[in-house]
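Chemist: What follows is a predicted protein model with its sequence.
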Amino acid sequence: MLLLNEGERDIEQIKKSLNVTTRSIMPQIKTLKNENLIKQEEDDFSLTVIGKIIVKNMLPFLETSRIVEENKDFWTSRNFDAIPAHIFSRIRYIGHYFLIEPDINHMFELPREFVENIPKSKTITTFVSYLHPEFISLYLKAAESGADISLFLSEPALEKIKKEYLKQFTELTEMENTTIFLCKENPKIPMITVTDWFCYICLFNGEERYDHRDIISFDDSSLKWCHDLFDYYRNNSKKLYQIKEVE
């Protein structure tokens, strides 16, 4: 049915695409025809209206299953409390992604994949609660290079900045291409970033610890998914207009 969703096929095309024999596929075709899910016109098979409806509803399930099955241990051990249900239900839009596993020799450094891609970005939107020592300097350099930055902070992250990185943060907030938001709540997520061409997602594990296992995706659908999540955060955040608000 998924094959026929791409267009009508004759029996030889079906056999070749599915790598099956006539003997093995014909009983399945007969069953689908009897259930009025596929139809045959001369030598070509295609989906019926009911078949198309079923496939349309089948695809989200299959896409979600693919994402989870590719790295089942990762997905089943994450804490998703920071992602509202209406957005999490569309997790399939993450699309094709890469799982970033921690390198024991660089465990406490910002991930290489993240550091290398941030300077290439023209727009950067980030929520962060797990603040790395190099984070502010990386974003300050990106802002100085002309990137438009929207930075969402949790209360604990803001307090850490005020104590340890206030000078750099002051420079960052005073730049015209930077907007700072303070989240009213404290989402249970270390960091999530979406730029004009990639997204980077860090999640706590089930014990609410950050184990440095992240995912990165360059699919357009993943960027849209992340922007929808940030729209949710933006509605639950306060924009900081002046540096005195964080001093």
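Modeler: Cool, the structure landed.
Chemist: Past the top helix by length along the chain, which element shows up next along the chain?
Modeler: What stands out as the longest helix in the chain, according to DSSP state H, is helix 49-70. Counting by DSSP states H and E, the next helix or strand C-terminal to helix 49-70 is helix 72-76.
Chemist: if we can go back for a sec, buried residues, the longest helix of the chain. List them.
Modeler: Within helix 49-70, the residues scored as buried using 16 or more other C-beta atoms under 10 Å are 51, 54-55, 63-64, 67. For glycine as for every other residue, the C-beta is placed from the backbone atoms N, C-alpha and C.
Chemist: for this structure, which spans come out with low pLDDT?
Modeler: 241-247 (pLDDT under 70).
Chemist: ranges for the helices of it?
Modeler: Using DSSP H, helices in the chain cover 11-18, 22-34, 49-70, 72-76, 85-88, 112-117, 135-144, 155-164, 166-173, 220-234.
Chemist: hmm, back to that, mind giving me the packing neighbours of the longest helix of the chain?
Modeler: Judged by 3 or more C-beta pairs under 8 Å, 6 or more residues apart in numbering; DSSP states H and E, helix 49-70 is in contact with helix 72-76.
Chemist: The helix it packs on packs against which elements?
Modeler: When contacts are defined as 3+ C-beta pairs under 8 Å, 6+ apart, helix 72-76 sits against helix 49-70.
Chemist: returning to that earlier point: need the residues that contact the longest helix of the chain.
Modeler: 1-2, 4-5, 32, 36-38, 47, 75-76, 91-92, 94, 97, 99 (C-beta atoms under 8 Å, 6 or more residues apart in numbering).
Chemist: Looking at the residues you listed, which two lie furthest apart in space?
Modeler: Using C-beta to C-beta, the contacts of helix 49-70 reach their maximum pairwise distance at 36 and 99, which is 41.5 Å.
Chemist: and stretch 99-113, which residues are buried?
Modeler: Under 16+ other C-beta under 10 Å, the buried positions of stretch 99-113 are 100, 111.
Chemist: At the geometric centre of this structure, which residue do we find?
Modeler: residue 94 (4.1 Å; C-alpha atoms, centre = their mean).
Chemist: residues touching residue 160, list them.
Modeler: So residue 160 contacts residue 131 (C-beta under 8 Å, 6+ apart).
Chemist: now it: how far from residue 233?
Modeler: For residue 160, the distance to residue 233 equals 19 Å [C-beta to C-beta, to the nearest Å].
Chemist: likewise residue 41?
Modeler: Going from residue 41 to residue 233 by C-beta to C-beta gives 51 Å.
Chemist: who has more neighbours, those two?
Modeler: The neighbour count for residue 41 versus residue 233, taken as other C-beta atoms under 10 Å, is higher for residue 233 (21 against 8).
Chemist: Isn't that one up against residue 128?
Modeler: No - under the criterion of C-beta atoms under 8 Å, residue 233 makes no contact with residue 128, lying 11.4 Å away.
Chemist: residues shared between the contacts of those two?
Modeler: With C-beta under 8 Å, 6+ apart, residue 233 and residue 128 have common neighbours residue 152.
Chemist: Now tabulate the helices of the chain in TSV and tack on distance to residue 193.
Modeler: Conversion of these to TSV gives the following (distance: least, C-beta to C-beta, whole Å):
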stretch	distance to residue 193
helix 11-18	39
helix 22-34	45
helix 49-70	19
helix 72-76	18
helix 85-88	16
helix 112-117	7
helix 135-144	10
helix 155-164	14
helix 166-173	15
helix 220-234	8
